[in-house]
Every structure is written in structure tokens, then in C-alpha cells.
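In: pasting the sequence and the predicted model now:
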Amino acid sequence: MIDFDRNYQMTINGHLVGSANTLEVINPATKSTIARVPDATREVLDSAVAAARAAFPAWSQSGLAQRQAMLTQIADAMEIHADEFMALLTREQGKPRTGAQWEVLGAVTWFREIATQALEDEIVEESDTRRVVTKFPPLGVVGAITPWNFPILLAVWKIAPALLTGNTIVVKPSPFTPLCMLKLGELCSAILPPGVVNVVTGGDEIGKWITTHPDVDKIAFTGHTETGKHVMRSAAGTLKRVTLELGGNDPAVVLPDVNPKAIAPHLFWAAFENNAQFCNVAKRIYIHEQVYDQVLSALVDFAKSIKVGDGAEPDTGLGPIQNYPQYQKVLQYIDDCKKHGYRFAIGGDVDVSAKGWFIPITIVDNPPDDSRIVAEEPFGPIVPVLKWRTEEEVIKRANQTRYGLGASVWGNDAAALERIGSQIDAGTVWINEIHQYSPHQAFGGHKESGVGCESSLHGLMEYTNWKTITLNKRVDF
Ligand code: NAD
């Protein structure tokens, strides 16, 4: 029986493991300490990697059907505990119930759907004289390093494909949000052989140790672009495979033919879902000048109907900022807008004496393209809206960024939607919708938003080597 209220220990080689040193976990809505978790030493990390290595031969040879069945069992067990996971996620991350439900049930779906996938052998040639087959054997031990904004889902995006393809894994959650992952580790170890899934908690240095560890074969990382560059550099030492899911500065382009009132709620959630602590929220909203004033005013009206508060309260629409450093960072963006005299259409006044790390919904009215709020990724509830006139100009501005994670285009003119969408350089372009993901849909960033992809068969392949076996059938020696 998993106790979701206490006893947060690591899972290593099928055992619950504590440590002498601990880190505190804080509820961002109250700034109070809700738990302490192990702060692992290098030796503990080494023991987790050794356990994963020892479990690899049997797991990789266990057969796809067995691994598929076990992933499905994990999905079922998670679903049984979905309410506990959601409550814990709200406590440690801050997100309201609807967001917690989306994430936890999403994780269940990922386990269940990835369990239906398979990388079939590719028969490249089958003739009278030759047979050539490409197979997809697993890599070995995967190190998964995850951020604090979607602590369960983004871990499951790595665990499910790694396990299905026959790898074993060591997961390191963010030090800000380790609790759900520790509980997921416990749950996995009740189903899987020891050592197949290991969870190690601690500070950033655990991530550094994983990325340089000689016995880790692949890094699956989600986090900041700058951290991703460190990861890639460290992983180069042993030429580990890397999948990097990094930052974004996603544009949303709104055509002149929209109905302002009808589009406003969609644009609002495009920009503020998960309190905008989301790689894929619309971080720059380009509205055609013909409807700019009307759309902005409808957006502000809708924003006024959303309550910012403790995610545990049922009427809360947006929770707090997850951690203090991020809160400070968002305050800096607000200060920078004030310093430059940009106009807030709504928000901008932060009550720093509030019980939690709350920031009011803030919309900045048409700041310059080179302002920090447009050019950078604030990762909090402050979004710039910008005027555009010609398609050529808005496409150029949308692409004027080192990022290329996602984008969205909104309107009724199908040809214009397609024309604009196809010219934005991003891994996912949503048209008249946003934040639609699927275990069968490749997700990844262009430019400095990432390397490789997650989900789909392409994502599965990133957990495998290619191995081509040829047979010359004309044996005459
Ligand atoms: P972060 O880069 O600070 O931390 C991510 C993880 O990396 C944490 O577990 C952290 O402990 C670890 N880490 C820190 N330094 C490390 C190092 N040198 N080597 C190895 N590991 C290290 O990111 P964050 O603040 O937790 O997350 C926010 C960022 O993540 C944003 O930029 C956001 O856009 C991005 N993100 C991207 C996606 C995506 O799919 N592309 C999804 C979610 C978040």
C-alpha cells in the first residue's frame, strides 16, 4: 500500500532507500514545507546505475509482449491511485485540480498507449540471394532528467518508451517537485523486476553525475535550453545518445477574420495554461491590427473571470509560481516592462506579501520586438500581445527567435492558416487548437528548442540502436 502523505524514499534496485541528507519540498501556494526527500550522494547514484545495469540483460530479453503487459499494469495501478497522485501534484507543484487531472490521466494514457507500440524489424531486402534486416535493440541504461512544470507526465514520456524498447532507467526528478516521482517509483517497483526503474532525488549535481556517468548510455532530458547545452557537452564525453526537450518562445498568430469574443478564451488558455509555466504556451500573441483592440479587450475581460490562487481550492483557475527562483525571475520581467514604460492591459501589480508565490495575470500591450518580454522565455503568467499587418512580416517576426518548439495560428481563412502555419519553423504547429499531444504524435523542438523527439515510433527509436544484419544466401564456399 502506497502512503502518499509521508515516507518519501528513493527506489533503487526494488528497495526503498533514504539518505542522511535531505531536501525540503515546499508547497508554493503556502510557502510551507510539506515533506523532506533524500539528497542522494554520488555513491547512491552509482548504486542506482549499477542496479539498472544489472537488470538490463534480463529485461531487454524479456520479450516485447511481457514488457507491454507490465506497462499496462503500471497504467492500471496509476489509474487506481489517480486521486492521490493529483492531490500530491497540486501540493508540490501548485497546479489546480483540472491541470493535475490532465497530467496524471495523461501519464496513464501514455503508459497504456506506448504499451501498444512496437518497432518491427525492417526487412530491407528479401531475395533469392540476400536477406537484409534492420533491428532496433535497446541502448542499455537511460538517465532521465526532468523539470518541475509537469513532473509526472514528462517523466512518463521517458520511462514508458525506454522500458518498452528494453532499456532500464534511472530517473532524476527536479529538486522542486520530487514527490510524485518518488511515489511512481514505488508503484513501478511493485510491478517490475528490481533495478528496471530507479528513482534518485537530490540537487542539480545528480543530473551532472548522470550525464557524465560511464555506465549510462542515453540521456533523456527536459529543461532549460542552457541546461540542455550543459547536458550535451557532458554527454559528449562518452558519446551518450541524447534527446533534449528544451525551452520555447512559441508565437500565436491571430488572423483578421476572428470573432474577438469567441477566440478570447482559447487565446487565454493558449497563453496561461499551467500558469504559463509550460514550454508550449503562446509566449507572443500576434493579433492582426484590424482586430487588435477588440481581441485584446476580450482577452482582458476573460482574464478577469479567472481566479489566481491555491490550486487546492476548487474555483482556482491558475495556481502559484512553482518555486521562489522562478517567482523572482517573473518579477524581473514585470519590473523590466515597468522600467521601459510598456503598458499593462491587465496585471503588473504583484502583492509580494501574499501567502504563496502568486503573480496576477499580466498582459503587455504591444511592446517592441526587441523587449525582453518578447525576445525571452519568461515561464510565468505575463504575455505580450503584438500588432501585425502583413503575412510576410508576421511570419518573419514569428521566426525571429533562437527557439522553434511550437506555434499556433488562429482564424477562419483556411488558405491563410495553412500558408502561415507551414512557414513557421517549429516542431509542432497547431491550427485553431493548441496543446493537443498524443503518444502517437512526434513531439520535439527545432533550433535551440531541442534535439530529437518524444512520443510516436520516432520517439521510440531514440531509445534504440540500429542493427543491420545481412545474409548472403549464395553460399558457395
Ligand atoms: P532546468 O533546466 O533548470 O532543470 C531541469 C532538470 O535538469 C532538473 O531536474 C535539474 O535538477 C536538472 N539539472 C540542472 N542542471 C543540470 C546539469 N548541469 N546537468 C544535468 N542536469 C541538470 O529546467 P526547469 O526550470 O526545471 O524547467 C523549465 C524549462 O524546461 C523551461 O525552459 C521550459 O521551456 C523547459 N521545458 C521544455 C519542455 C519540452 O518538452 N521542450 C517541457 C517542459 C519544460
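Out: Looks like it arrived, so ask away.
In: tell me the pLDDT of Met1.
Out: pLDDT for Met1: 80.
In: likewise Trp466?
Out: 97.
In: try Arg6
Out: 89.
In: thought Gly450 was touching Leu244?
Out: Yes: Gly450 lies in contact with Leu244 (CB atoms under 8 Å); the separation is 4.9 Å. The C-beta positions use only the backbone N, C-alpha and C, and glycine is treated the same way.
In: common neighbours of these two, please.
Out: Gly228 (CB atoms under 8 Å, 6 or more residues apart in numbering).
In: the two: which is more packed in?
Out: Neighbours per residue, other CB atoms under 10 Å: of Gly450 and Leu244, the larger number sits with Gly450, 27 against 24.
In: roughly how far does the more buried one sit from the ligand?
Out: Using CB to the nearest ligand atom, to the nearest Å, Gly450 is found at 6 Å from the ligand.
In: now do the contacts for that residue.
Out: Going by CB under 8 Å, 6+ apart, Gly450 touches Gly228, Thr243, Leu244, Glu245, Leu246, Leu405, Gly427, Gly444.
In: ok, now Ser234?
Out: Lys208, Thr211, Thr212.
In: how close does it get to Gly202?
Out: 16 Å (CB to CB, to the nearest Å).
In: list the contacts of the spatially closest residue to Val308 that is not a sequence neighbour.
Out: In this structure, Val308 finds its nearest non-sequential neighbour in Leu318, 4.7 Å apart by CB to CB, 6 or more residues apart in numbering. By CB under 8 Å, 6+ apart, the contact set of Leu318 is Pro96, Phe272, Asn275, Ile306, Lys307, Val308, Gly309, Ile361, Pro381.
In: per-residue confidence at Leu318?
Out: You'll see Leu318 listed with a pLDDT of 98.
In: phi, psi for it please.
Out: Backbone torsions of Leu318, given as degrees, to the nearest 10, read phi -130, psi 140.
In: and the residue of the stretch 151-300 of the chain found nearest the ligand, what does it touch?
Out: With CB to the nearest ligand atom, the shortest gap between the stretch 151-300 of the chain and the ligand falls at Gly207, namely 2.1 Å. Taking CB under 8 Å, 6+ apart as the contact definition, Gly207 lies against Ile145, Lys172, Thr227, Val231.
In: can you flag the buried ones in these?
Out: Ile145, Lys172, Thr227, Val231 (16 or more other CB atoms under 10 Å).
In: with pLDDT and secondary structure as added columns, please give those in JSON lines.
Out: Putting these into JSON lines (pLDDT from 0 to 100; DSSP: H, G, I helix; E, B strand; the rest coil) gives the following:
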{"residue": "Ile145", "pLDDT": "99", "secondary structure": "strand"}
{"residue": "Lys172", "pLDDT": "98", "secondary structure": "strand"}
{"residue": "Thr227", "pLDDT": "98", "secondary structure": "helix"}
{"residue": "Val231", "pLDDT": "98", "secondary structure": "helix"}
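In: of those residues, closest to Asp301?
Out: Taking CB to CB as the measure, Asp301 lies nearest Thr227 of the buried ones among the contacts of Gly207, at 38.0 Å.
In: so who does the closest one touch?
Out: Thr227 neighbours (CB under 8 Å, 6+ apart): Gly207, Phe221.
In: next one: Gly140
Out: Applying CB under 8 Å, 6+ apart to Gly140 gives the contacts Arg53, Phe56, Asn167, Thr168, Val216, Asp217, Lys218.
In: the last one: how many residues sit nearby?
Out: Right, Lys218. 25.
In: circling back: what's the ChimeraX line that selects buried ones from the contacts of Gly140?
Out: To isolate the buried members of the contacts of Gly140 in ChimeraX, using 16+ other CB under 10 Å:
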select :53,56,167,168,216,217,218
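In: so of the contacts of Gly140, which two are at opposite extremes in space?
Out: Maximum pairwise distance among these (CB to CB): 13.0 Å, between Arg53 and Lys218.
In: what touches both of the two?
Out: With CB under 8 Å, 6+ apart as the test, Arg53 and Lys218 both reach Gly140, Val141.
In: can I assume Ile206 is in contact with Leu45?
Out: Yes: here Ile206 reaches Leu45: they are 5.8 Å apart, a contact under CB under 8 Å.
In: now do the shared contacts for the two.
Out: Contacts common to Ile206 and Leu45, judged by CB under 8 Å, 6+ apart, are Val200.
In: so Gln275 sits in a helix?
Out: Let me fix one detail, which is that residue 275 is Asn and not Gln. Yes: if the criterion is DSSP: H, G, I helix; E, B strand; the rest coil, then Asn275 is within a helix.
In: which strand or helix spans the residue nearest the centre of the chain?
Out: Geometric centre of the chain, nearest residue: Leu154, 4.5 Å, by CA atoms, centre = their mean. Element membership for Leu154 (DSSP states H and E) is helix 153-164.
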